[in-house]
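Participant: Can you look at this prediction? I've put the sequence above it.
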Amino acid sequence: MDRATLEQQHSLAIALLAVLEQQAAGYTSLTIPAHLKLQLDEKRQEVASLEARLAQLQGGGADDTVPDNLPRYCHIFVGRTEEMARCLAALAPEERGWGVTIDGIGGMGKTSLALEVAERARDAALFDAYLFASAKTSWLSPDGVRQETLAQSSLDAFCREFARILGQNEVVQISDAKARRQALLDVLRGRQALLIWDNLETLTAEEREQIAEFLRKLPAPNKAIITSRRRTGESAVTVRLDKLSFAEAANLMQQTGQRQPRVGRELQQAGEAGQGALYDAAGGIAEKLNNKQFQATFCGNLGQLALDRDRPQDARPWLERAIALAQEIGRQDEVARTLSRLAQVLESEGRYKEALDLARQALQIRERLRGRGVGFSRQQVARLETTNNEQ
């Protein structure tokens, strides 16, 4: 929304507030009619909301007085042009529903899309508050799976968090959960806030239904975004995420390579065919394409494929990259598996002593981890020890 339109709405709200205040002037705080008091409170909140949005435009999209806890991380966002347009349209004040549900299988980038939508809404000063809370219990970082210790686990937990971000401590301290929900709804009247409910599939069916009921009561023009692997979107627009197109995935890989020169070099060495194989292996899932754990496994598998096709010279660079990535993220099981494969390459080249050293390293790791592959490593070490003794 442009500044001129906001200023016009603000002027109109100020004029209507003046009329209401004139009507209330003949009453005391004890005698003012309930409906008039409610109208005054809502109109004052509307004026404050418009002033906050104007301040965002004045300050280039950021204002310390605007409640905003959107996660600040440097994620790479590509594609999703059509989905972005549908989400922003669903958040328009004239849209009758409470907002949008973004669903899809894990790793498709639902949270990334929700945050990108919120950031663009913030840049346009569409709301007077930007509230984010998540039920996500774990998340996939570039270095692997990480556990989340601050996940919200119920509607009441979400309500507490949203009230806290809004600075409504008296709402947070209400002991009765039902009363707290109603108090939060009352606080939102007259506001134009954006509430993001992330990763709701981790909640029980009962909790999800309670959230759906809460959102059906969300006073306009507040809006909400839900992300979930399960469809939870009556009275809202549903945006279904599918895999990235190859062109979008290639763009993501290119931008990742620009930020991480080492990854960029690997992608360049892989060439278009290798990048296409990475895309196919990831199934177009955005989080996997940008995840070192997946990349380590993928490089190791490409190395094994070259070995199976009796091309050890092609296997070596893939296996060496797999070991480097696995060591970087601390995946010792992947290190052991790739060391065994690299030992096979050296064995095929007649470098038996070097192959034995790598095979022994792999065996030591596997015995320490007490995982799969111990038997294979013992056989590999025994075979190479026999071959070395015969040399």
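Facilitator: Nice, thanks for sending it over.
Participant: quick one: the strands in this structure?
Facilitator: 99-103, 129-134, 138-141, 144-147, 193-198, 223-228, 237-240 (DSSP state E).
Participant: Nearest to residue 53, out of those strands?
Facilitator: Nearest to residue 53 among the strands of the chain is strand 129-134; the distance by Cβ to Cβ comes to 10.0 Å. (C-beta placed from N, C-alpha, C; glycine too.)
Participant: model confidence over the closest one, on average?
Facilitator: Confidence over strand 129-134 (mean pLDDT, whole number) is 90.
Participant: just the angle between that strand and strand 193-198, please?
Facilitator: 10 degrees (axes from the mean of the first three to the mean of the last three Cα atoms, to 10 degrees).
Participant: Report the angle between strand 129-134 and strand 223-228.
Facilitator: 20 degrees.
Participant: Quick check: which ranges of the stretch 101-250 of the chain have low pLDDT?
Facilitator: Applying pLDDT under 70 to the stretch 101-250 of the chain flags residues 106-107, 136-153, 230-234.
Participant: swap the cut-off to 50 and go again
Facilitator: 137-151 (pLDDT under 50).
Participant: Using TSV, please lay out the strands of the chain together with mean neighbour count and distance to residue 208.
Facilitator: TSV is the format used below for these (neighbours: other Cβ atoms under 10 Å; distance: least, Cβ to Cβ, whole Å):
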stretch	mean neighbour count	distance to residue 208
strand 99-103	25	11
strand 129-134	22	14
strand 138-141	15	19
strand 144-147	10	22
strand 193-198	25	10
strand 223-228	26	8
strand 237-240	17	14
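Participant: could you dump those strands to JSON lines with distance to residue 66?
Facilitator: Listed next are those as JSON lines, based on distance: least, Cβ to Cβ, whole Å:
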{"stretch": "strand 99-103", "distance to residue 66": "19"}
{"stretch": "strand 129-134", "distance to residue 66": "6"}
{"stretch": "strand 138-141", "distance to residue 66": "26"}
{"stretch": "strand 144-147", "distance to residue 66": "29"}
{"stretch": "strand 193-198", "distance to residue 66": "10"}
{"stretch": "strand 223-228", "distance to residue 66": "15"}
{"stretch": "strand 237-240", "distance to residue 66": "25"}
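Participant: Residue 207 is nearest to which of the ones you listed?
Facilitator: Here strand 193-198 is closest among those (Cβ to Cβ), at 10.9 Å.
Participant: what's the closest of the strands of the chain to residue 80?
Facilitator: It is, among these and with distance given as Cβ to Cβ, strand 237-240, at 9.2 Å.
Participant: Just the CA atoms of that closest one, as PDB, please.
Facilitator: Output of strand 237-240 as PDB, limited to C-alpha atoms (Å, rounded to 0.1, in the frame of the first residue of the first chain):
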ATOM      1  CA  VAL A 237      -6.300 -19.800   1.100                       C
ATOM      2  CA  THR A 238      -4.200 -23.000   0.800                       C
ATOM      3  CA  VAL A 239      -0.900 -22.800  -1.100                       C
ATOM      4  CA  ARG A 240       0.600 -26.300  -1.800                       C
END
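Participant: what's the offset of that strand from the middle of its chain?
Facilitator: Relative to its chain's centre, strand 237-240 lies at 17 Å (Cα atoms, centre = their mean, to the nearest Å).
Participant: got it, and stretch 112-129?
Facilitator: For stretch 112-129, the separation from the chain centroid amounts to 14 Å (computed by Cα atoms, centre = their mean).
Participant: ok, now stretch 200-213?
Facilitator: 19 Å.
Participant: With stretch 8-25 instead?
Facilitator: Distance, stretch centre to chain centre, for stretch 8-25: 42 Å (Cα atoms, centre = their mean).
Participant: what do you get for stretch 302-310?
Facilitator: The answer for stretch 302-310 is 35 Å, by Cα atoms, centre = their mean.
Participant: Tell me which stretches of the stretch 101-250 of the chain form helices.
Facilitator: Counting by DSSP state H, counting those that start in this stretch, one finds helices in the stretch 101-250 of the chain at the ranges 110-123, 155-165, 169-172, 177-188, 205-216, 246-259.
Participant: The fourth one: how far from the chain's middle?
Facilitator: So that's helix 177-188. Using Cα atoms, centre = their mean, the offset of helix 177-188 from its chain centre is 27 Å.
Participant: same deal with stretch 99-118?
Facilitator: 7 Å.
Participant: Identify each buried residue in that stretch, please.
Facilitator: 99-104, 107-118 (16 or more other Cβ atoms under 10 Å).
Participant: what's the answer for stretch 156-166, then?
Facilitator: Result for stretch 156-166 [16+ other Cβ under 10 Å]: buried residues 156, 157, 158, 159, 160, 161, 162, 163, 164, 165, 166.
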